[in-house]
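Chemist: Provide a 3D model corresponding to the input given below.
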Amino acid sequence: RIFLCMHNHNRATCRASFFLNAMRASVPMATAARPGYVVCNDGIATLSTLSSKEWLLQMPNGAYTTARTCAGARRLFEWVTHVERTASSATSMLTDPSSPVAPIPAALPSLLAGLGSAERLRPRLDATVSAAVREFHASIGAEGELKVTVLVHWMAASACAAQPTPAADCTTSSVACHIATLPPLPSAPVKVEVRGAPRSNAAAKDSSWVAERAPLEALLPKDFNELLLADEGGAILEGSQTNFYAVHGGTVYTAGDGVLAGTVRRLLLEVCEREGIPVNLTAPKLSEASSWEGALISSTSRLMLPIDELFVPEEGKPSVQADKVATFDIGPGSLAARLRELVQGEVEAHSSDVI
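Modeler: You can find the predicted model right below:
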C-alpha cells in the first residue's frame, strides 16, 4: 500500500496510519472452513461445511435414515431396508394429524403415493445418493467408507397455508442426502450411560428427534459413546441413535416393541437364528445389569459395538466415576465379541449396488 502525507503537520498521524495498516496487512486473513461434506437435493450435489447433525437441524423436518457404504464405498449396506423404513416413516408422519409436518388433506393421497411406496421412492433415493457420492469422490476424494444420511421432506399444512400458491404446490416433496466420511470406531473402554425417556413414536424416524435429544447429548461426557433410553420401570429400550442388547445366561435380550428396528439389529437377529444363539425380545432391566455377561449397541456406523462400562448418572448431571454400575468382559471368547465378528462378516453380503 502507498500512503501520501500532504501536510507536514499531519505526518505523525500519517506515519501511525501507515504502520497500523502494515500490521493489519501482515496478519493472515481467517480462511473459510474447507468443505468436508457433500449435500445433494433431488440429484443436485454441492460441497458443504455442515456436519450431518448440523445439516439435519437446518433442514425441514421429515423422514430420515442413516446408511453406510461398504466394499470400498461401492455398495450400500441394507439399502433395501433403509428405503422401506424411510417409506414407512414417511407414511406414519404423513397420516398422523397431530404431526407438525402433517400435510393438507388434499395433498395427502399424492404424497402417500410417492413417498409411502418404497417401490416409487427408491429411484429418487438412488439418484440422489449416487450423485452425492460421485461428487464426494470427485471433489473431496477421501478414502474409506462413507456415512450416508437421507432426508425426505414435504410441505406441512402450516407452511402450505402461508404460501400464496395453489394447493397443488403443496403436493411437492424433496429427497436430500448428506455424505461424510464414516467415523472410526471408538477406542476402549466404550462407555455408555442411561439417561432420558423413550421416544413417543419410535417406529417413525423423524428428523425432529435430532433436536429433541440435543439437551441430553449436551450432558454426555466427551469420552462416552451413547446414551440409553429407559422407561419408568427401568427397562432399557434403545439408545438415542442405537439399538441396545444385554447378554445374560447365553441369551441375547433386546426390546421387541417401542424401538426403531435398525438395519444392524435385523442382521443380528438373522445371524443369531442361523447360529442357534437364543434371543429374547424383552427389554433388558437396568436393575439386573450387574448379572449381565455383556452388553452391546448397534448402529450403521458402529455395526455391533460391545460395551465396556455402563453408567447411571444423577438427573441433569454428567456421569462421574461413582456412577458406574457395571463393567463387562468383552474379550476374545465372549459372546459379545462373537456377535460383533459374526455381523461384521455379513455386511457386504447384505448390501446393494447403488453407486
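
Chemist: Phi first, then psi, for residue 174.
Modeler: phi -130, psi 150 (degrees, to the nearest 10).

Chemist: which ones are touching it?
Modeler: 41-42, 152-154 (CB atoms under 8 Å, 6 or more residues apart in numbering). No exception for glycine: its C-beta is placed from N, CA and C like everyone else's.

Chemist: give me the low-pLDDT residue ranges for the stretch 51-200 of the chain?
Modeler: Within the stretch 51-200 of the chain, the ranges that satisfy pLDDT under 70 run 165-168, 200.

Chemist: so where do the helices sit in it?
Modeler: Here the stretch 51-200 of the chain has its helices, by DSSP state H, counting those that start in this stretch, at 52-58, 79-94, 108-115, 118-139, 157-161.

Chemist: Show me the one of these that comes nearest residue 176.
Modeler: helix 118-139 (6.9 Å; CB to CB).

Chemist: mind checking how far the closest one is from the chain centre?
Modeler: Between the centre of helix 118-139 and the centre of its chain there are 18 Å (CA atoms, centre = their mean, to the nearest Å).

Chemist: Could you tell me the angle between it and helix 108-115?
Modeler: 50 degrees (axes from the mean of the first three to the mean of the last three CA atoms, to 10 degrees).

Chemist: Show me what helix 118-139 is packed against.
Modeler: Here helix 118-139 touches strand 37-41, strand 44-48, helix 79-94, helix 108-115, strand 146-154, strand 173-181, going by 3 or more CB pairs under 8 Å, 6 or more residues apart in numbering; DSSP states H and E.

Chemist: And these: which comes nearest residue 278?
Modeler: Checking the helices and strands packed on helix 118-139 against residue 278 by CB to CB gives helix 79-94 as the closest, at 23.8 Å.

Chemist: List the neighbours of the closest one that are in contact with it.
Modeler: Looking at what lies outside helix 79-94 - CB under 8 Å, 6+ apart - the contacts are 62-65, 67, 76, 99, 101-103, 108, 111-112, 115-118, 121-122, 125, 150, 152, 154, 201, 203-206, 263, 266, 351-352, 354.

Chemist: about what we covered before: nearest to residue 175, of the helices of the stretch 51-200 of the chain?
Modeler: Of the helices of the stretch 51-200 of the chain, nearest to residue 175 by CB to CB is helix 118-139, at 4.6 Å.

Chemist: Please point out which parts of the closest one sit buried.
Modeler: By neighbour count on 16 or more other CB atoms under 10 Å, the buried set for helix 118-139 is 118, 121-122, 124-126, 128-133, 135-137.

Chemist: same thing with stretch 246-256?
Modeler: 246-248, 252-255.

Chemist: got a list of contacts for it?
Modeler: Contacting residues not belonging to stretch 246-256 are listed as 235-238, 243-245, 265, 268, 272, 277-284, 288-289, 291-296, 335-336, 339 [CB under 8 Å, 6+ apart].

Chemist: Selecting buried members of these in ChimeraX, what would you type?
Modeler: Restricted to buried positions by 16+ other CB under 10 Å, the ChimeraX selection for these reads:
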select :235,236,237,238,243,244,245,265,268,272,277,283,284,289,292,293,294,295,296,335,336,339
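
Chemist: Buried ones among the contacts of helix 79-94?
Modeler: The buried subset of these (16+ other CB under 10 Å) comprises 62-65, 67, 76, 99, 101-103, 108, 111-112, 115-116, 118, 121-122, 125, 150, 152, 154, 201, 204-206, 263, 266, 351-352, 354.

Chemist: Now tabulate the helices of the stretch 51-200 of the chain in TSV and tack on distance to residue 305.
Modeler: Output for the helices of the stretch 51-200 of the chain, formatted as TSV (distance: least, CB to CB, whole Å):
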stretch	distance to residue 305
helix 52-58	19
helix 79-94	19
helix 108-115	32
helix 118-139	25
helix 157-161	39
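
Chemist: closest to residue 330 out of those helices?
Modeler: helix 79-94 (26.8 Å).

Chemist: between that closest one and helix 118-139, how big is the angle?
Modeler: Using the same axes, to 10 degrees, helix 79-94 lies at 120 degrees relative to helix 118-139.

Chemist: Between strand 173-181 and helix 79-94, find me the angle.
Modeler: Going by the same axes, to 10 degrees, helix 79-94 makes 130 degrees with strand 173-181.

Chemist: Of the helices and strands packed on helix 118-139, flag the one that's most buried.
Modeler: Comparing the helices and strands packed on helix 118-139 by mean neighbour count (mean count of other CB atoms under 10 Å), strand 146-154 ranks first with a mean of 24.
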